[in-house]
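In: Got a predicted structure plus its sequence, pasted below:
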Amino acid sequence: MAELDISTRHCIVEREGNVLIVTLNRPEAKNAFSPEMLLGMYKAWRLLDEDDDLYCAILTANGDTFCAGMDLKAGAEGEHRSTEEFMELMGKVPNVHWRALLRDDRPNKPLILAVEGYALAGGTEILQGTDIRVAAEDAIFGVTEVARGLYPMSGSTIRLRRQIPYCLAAEILLCGEQISAQQALDFGLINRVVPRGESLAEAKKYAERICANGPLAVKAVIRSLREHQECMREDEAMLASDELANPVFASRDAKEGMRAFKEKRPAQFKGE
């Protein structure tokens, strides 16, 4: 893997083939959010959007805690630690923190999550901005803001009830309690539970399978999954879906995929 120059002290951004790997790197503070972490994530997601040779990304973390969310110790002490670059960026992009945390303007390619250890509060909120989720068997989840007298501002009151049954979302949000990896799997919040230490390796397997497919088709599917919500009338959603499908079927990749199927060989997609 090659580390990219957009990395920061608290967020390592690397490239492995067609996959971007984003690693939260503040283990001494349980990977609680910091300006440097948010800056690295923001730049990573923008790169993923802009680079046609990147097909998907994996979000993971160093240490035994995936992410504890907001730095409550800093908040309680009234500290506002930040970097000059991040503050300048906030002046130009007011929602830069929400874009970093996958609440607003998510990148237009698949996001795979690899969780080891605790993913609480913002750690579970950022989970809801990803598409495929792998967790170690000892991972712990929870939107715990109400237990601190806080509100989950990263979108859980909206997204969680759309991703899992309403009553389960209400239980998680209102009780502010922790749930195990197995419970998260049973709830439908994550895709797979793996042995401790293997979440990143499993996430890379998902990335490899995604990268073997047509990139134009993958981007169109992601757009449909995210934009065509249950609140849309079915006929309107179908028309919107057709608008995404038509350019894909007219692409060179589509012709290559059908030709490769006929010739019984792996397709060589070029994103064209």
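Out: Alright, I've got the coordinates. Numbers count the residues shown, from 1 in each chain.

In: Can you list the residue ranges for helices in the stretch 101-250 of the chain?
Out: In the stretch 101-250 of the chain, the segments counted as helices under DSSP state H, counting those that start in this stretch are 122-127, 156-163, 166-175, 181-187, 199-211, 215-227, 234-249.

In: Any idea which of these gets closest to His10?
Out: Across those, His10 has its closest neighbour in helix 122-127 (13.8 Å, CB to CB). Bear in mind the C-beta positions are built from the backbone N, C-alpha and C, glycine included.

In: Closest to the centroid, which residue in this protein?
Out: Centroid check for the chain by CA atoms, centre = their mean gives Thr130 as the closest residue, at 3.0 Å.

In: list the contacts for that one?
Out: Leu59, Leu102, Leu111, Ile112, Leu113 (CB atoms under 8 Å, 6 or more residues apart in numbering).

In: if we can go back for a sec, let me know which of the helices of the stretch 101-250 of the chain is tucked in deepest.
Out: helix 122-127 (a mean of 26; mean count of other CB atoms under 10 Å).

In: That one: how far from the chain's middle?
Out: 9 Å (CA atoms, centre = their mean, to the nearest Å).

In: for stretch 85-97, same thing?
Out: So, by CA atoms, centre = their mean, the centroid of stretch 85-97 is 20 Å from its chain's centroid.

In: One more: stretch 41-52?
Out: With CA atoms, centre = their mean, you get 12 Å for stretch 41-52.

In: Flag every buried residue along it.
Out: Met41, Tyr42, Lys43, Ala44, Trp45, Arg46, Leu47, Leu48 (16 or more other CB atoms under 10 Å).
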